[in-house]
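Chemist: can you look at this prediction? I've put the sequence above it.
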Protein chains: 2
Amino acid sequence: MDMDTPTDLPLFTKLYTLAQVLGILSVVLVGVWVGLYRGGFGWSAFPDLQFNWHPFLMVLGLVLLYANGALIYRGFRSERKRKLKVVHAVVMVSALVCAVVGLVAVFKFHDSKGFANMHSLHSWIGLATVILFACQWLAGFLTFLFPGLRSSLRAAYLPLHQYFGLFIFAGAITSTLLGLSEKAIFVQSVGSESVLVNVTGLCVAVFAGLVTYLLSQPKFRRQATEDEVLLTDTVLE
Amino acid sequence: MDMDTPTDLPLFTKLYTLAQVLGILSVVLVGVWVGLYRGGFGWSAFPDLQFNWHPFLMVLGLVLLYANGALIYRGFRSERKRKLKVVHAVVMVSALVCAVVGLVAVFKFHDSKGFANMHSLHSWIGLATVILFACQWLAGFLTFLFPGLRSSLRAAYLPLHQYFGLFIFAGAITSTLLGLSEKAIFVQSVGSESVLVNVTGLCVAVFAGLVTYLLSQPKFRRQATEDEVLLTDTVLE
């Protein structure tokens, strides 16, 4: 299906570049926000500064790294499939590590402040997203990499893996925006801080729209190289 | 493209039914929430009760009606295309009217309370979504219905109309979740109210996931009827 859609590489390159700029800008804006308005970063001794790792690591991991992990096949389309799969798994596990450390930061912050955990819509959607992501990573690893199931099973699981990949990304974006909004209200941000938080949210939202477009359009799909077509077992994306 | 994918009608019917249940449940839950915990509905004389129309009308219009407007071609696939286009336009304009009255409710609430408008991420994404929706409705009306452009232009605009349709839906869902979360924090909801708001948010999120899946899968696409294929001008979805 869709194998015959011609690749629109010039458009891909433009949108991919724009997405990267917005993704990096989102992480930088979160860093600027917690750096300038929320006191910067710290760990155990300073609960408020420990909290600040939470938004930073979540946007770095679940927004920027996750999106790049998903885009690896289209962004580096001339590399060999086998190599791309390994890079995909490594980028995704780095994203997962960021997310887990980001969760530790917020739970420890809550505990040291005596705040209740898992109270908000942000926490519900966010935690569900990280748990789904961990399951998806493990299922992907066992199916596509080690030891690797036989190719008919891999082919059957692939669309599900791609669908849940986008679903988890949507969860990550939703909880990012909920988290930004929630924190802005909790700290009663006004004026320039409030504008900065909203601009960050818009960057994340537009980034998400672009990434979803790049991932979902058949015209941006990576085509199997000629030798991959011959070795049918490696064709599966 | 994708014209040859066979339709999976049994799966469509199951997911479509589940989506309808969740969509109606979302509207009911918002009604139960503002009814039981926020004092119910009112207009000018009671600003807090006037506010309550805002979440109710937004979820009714931009979530339930909007999704049903978008799904009309797939949900009522055996009806004639011409009729479906008119119903699509009518459902969408009803959704837009709900959204506009919902906006009036919240602006009047802010004004009578002396609160600033357009402060939060929710308000930015929400207003942008309603403006885009109004533009999209007008462009769709002028292109596809009255007076109707020639079919090559309609064919060229259709994918853009569908893409922005999903984009606006994503904006509506995002601002719904942001709004629920924001209001829950503002009124310092605790215990059962807070759980009710979060469950409502999850209903909206799962509904959105299902609707997006139903709209984006080629296997659920409406097939042109035989006489529509003969009258090529009416084939365009």
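Modeler: Everything's here; your move.
Chemist: where does pLDDT dip in chain A?
Modeler: Counting by pLDDT under 70, chain A has low-confidence residues at A:1-4, A:230-237.
Chemist: report the secondary structure state of the residue nearest the centre of chain A.
Modeler: Geometric centre of chain A, nearest residue: residue A:66, 2.7 Å, by CA atoms, centre = their mean. Classification of residue A:66 using DSSP: H, G, I helix; E, B strand; the rest coil returns helix.
Chemist: can you check residue A:88 too?
Modeler: Classified using three-state DSSP, residue A:88 is helix.
Chemist: in the longest helix seen in chain A, what counts as buried?
Modeler: When chain A is parsed with DSSP state H, its longest helix is helix A:151-186. For helix A:151-186, the neighbour count (16 or more other CB atoms under 10 Å in any protein chain shown) marks A:154, A:157, A:164-185 as buried. Yep, even glycine has a C-beta here, placed from its N, CA and C like the rest.
Chemist: now that helix and helix B:151-186, what's the angle there?
Modeler: 50 degrees (axes from the mean of the first three to the mean of the last three CA atoms, to 10 degrees).
Chemist: for stretch A:86-93, which outside residues touch it?
Modeler: Residues from elsewhere that reach stretch A:86-93, judged by CB atoms under 8 Å, 6 or more residues apart in numbering or on different chains: A:65, A:66, A:68, A:69, A:70, A:72, A:73, A:76, A:137, A:140, A:141, A:145.
Chemist: among the residues you listed, which are located in strands?
Modeler: Among the contacts of stretch A:86-93, none falls in strands (DSSP state E).
Chemist: now those: which count as buried?
Modeler: The neighbour count (16+ other CB under 10 Å) marks A:65, A:66, A:68, A:69, A:70, A:72, A:73, A:137, A:140 as buried among these.
Chemist: how many neighbours does residue A:29 have?
Modeler: 20 (other CB atoms under 10 Å in any protein chain shown).
Chemist: my error: substitute residue A:46 in the last question.
Modeler: Using other CB under 10 Å, residue A:46 has 15 other residues around it.
Chemist: what's near enough to touch the closest residue to it other than its chain neighbours?
Modeler: Once flanking residues are discounted, residue A:46 sits nearest to residue A:39: 7.9 Å by CB to CB, 6 or more residues apart in numbering or on different chains. By CB under 8 Å, 6+ apart, residue A:39 lies in contact with A:46, A:48, A:49, A:52.
Chemist: what of residue A:103?
Modeler: So residue A:103 contacts A:54, A:127, A:130 (CB under 8 Å, 6+ apart).
Chemist: need the helices for chain A, in chain order.
Modeler: According to DSSP H, the helices that chain A contains are A:9-36, A:47-58, A:66-75, A:81-113, A:121-140, A:151-186, A:191-216, A:226-230.
Chemist: between those helices, which one is nearest to residue B:14?
Modeler: helix A:151-186 (16.5 Å; CB to CB).
Chemist: between the closest one and helix A:81-113, how big is the angle?
Modeler: Going by the same axes, to 10 degrees, helix A:151-186 makes 30 degrees with helix A:81-113.
Chemist: which other helices and strands contact helix A:151-186?
Modeler: helix A:47-58, helix A:66-75, helix A:121-140, helix A:191-216, helix B:121-140, helix B:151-186, helix B:191-216 (3 or more CB pairs under 8 Å, 6 or more residues apart in numbering or on different chains; DSSP states H and E).
Chemist: now distance to residue A:109 too, for these, in TSV please.
Modeler: Below are the helices and strands packed on helix A:151-186 laid out as TSV (distance: least, CB to CB, whole Å):
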stretch	distance to residue A:109
helix A:47-58	4
helix A:66-75	23
helix A:121-140	12
helix A:191-216	18
helix B:121-140	21
helix B:151-186	17
helix B:191-216	19
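Chemist: which parts of chain A sit against chain B?
Modeler: Counting by CB under 8 Å from any CB of the partner chain, chain A comes close to chain B at A:1-2, A:5, A:119-122, A:124-125, A:163, A:167, A:170-171, A:173-174, A:177-178, A:180-182, A:184-186, A:194, A:197-198, A:201-202, A:205, A:209, A:213, A:216, A:218.
Chemist: got the contact list for the residue lying closest to residue A:44 once chain neighbours are set aside?
Modeler: Spatially, and ignoring its direct neighbours in sequence, residue A:44 is nearest to residue A:50 (6.5 Å; CB to CB, 6+ apart). Neighbour list for residue A:50: A:42, A:43, A:44, A:105, A:108, A:109, A:112 [criterion: CB under 8 Å, 6+ apart].
Chemist: dump those residues into CSV; add distance to residue A:83 and neighbour count as well.
Modeler: Formatted as CSV, the contacts of residue A:50 follow (distance: CB to CB, whole Å; neighbours: other CB atoms under 10 Å in any protein chain shown):
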residue, distance to residue A:83, neighbour count
A:42, 39, 14
A:43, 36, 11
A:44, 40, 9
A:105, 33, 23
A:108, 38, 17
A:109, 39, 20
A:112, 44, 15
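Chemist: chain B: which of the residues you listed is nearest?
Modeler: Nearest to chain B, judged by CB to the nearest CB, of these is residue A:109 at 16.9 Å.
Chemist: am I right that the closest one is in contact with residue A:47?
Modeler: Yes: applying CB atoms under 8 Å, one finds residue A:109 in contact with residue A:47, separated by 5.0 Å.
Chemist: show me what contacts residue A:157?
Modeler: Residues near residue A:157 by CB under 8 Å, 6+ apart: A:139, A:143, A:149.
Chemist: list the contacts of the first one.
Modeler: Okay, so that is residue A:139. Taking CB under 8 Å, 6+ apart as the criterion, residue A:139 is in contact with A:157, A:161.
Chemist: residue A:96 is in contact with residue A:137, correct?
Modeler: Yes: assessed by CB under 8 Å, residue A:137 is found in contact with residue A:96 at 5.9 Å.
Chemist: of the helices of chain A, which is nearest residue B:31?
Modeler: Comparing the helices of chain A by CB to CB, helix A:121-140 comes nearest, at 18.2 Å.
Chemist: in the closest one, which residues are buried?
Modeler: Buried residues in helix A:121-140, defined by neighbour count with 16+ other CB under 10 Å: A:121-127, A:129-130, A:133, A:136-137, A:140.
Chemist: now, among those, which is nearest to chain B?
Modeler: residue A:121 (4.3 Å).
Chemist: wait, that closest one sits on residue B:203?
Modeler: No: under the criterion of CB under 8 Å, residue A:121 makes no contact with residue B:203, lying 11.3 Å away.
Chemist: now do stretch A:141-151: distance from first to last residue.
Modeler: Length of stretch A:141-151, first residue to last, CA to CA, to the nearest Å: 14 Å.
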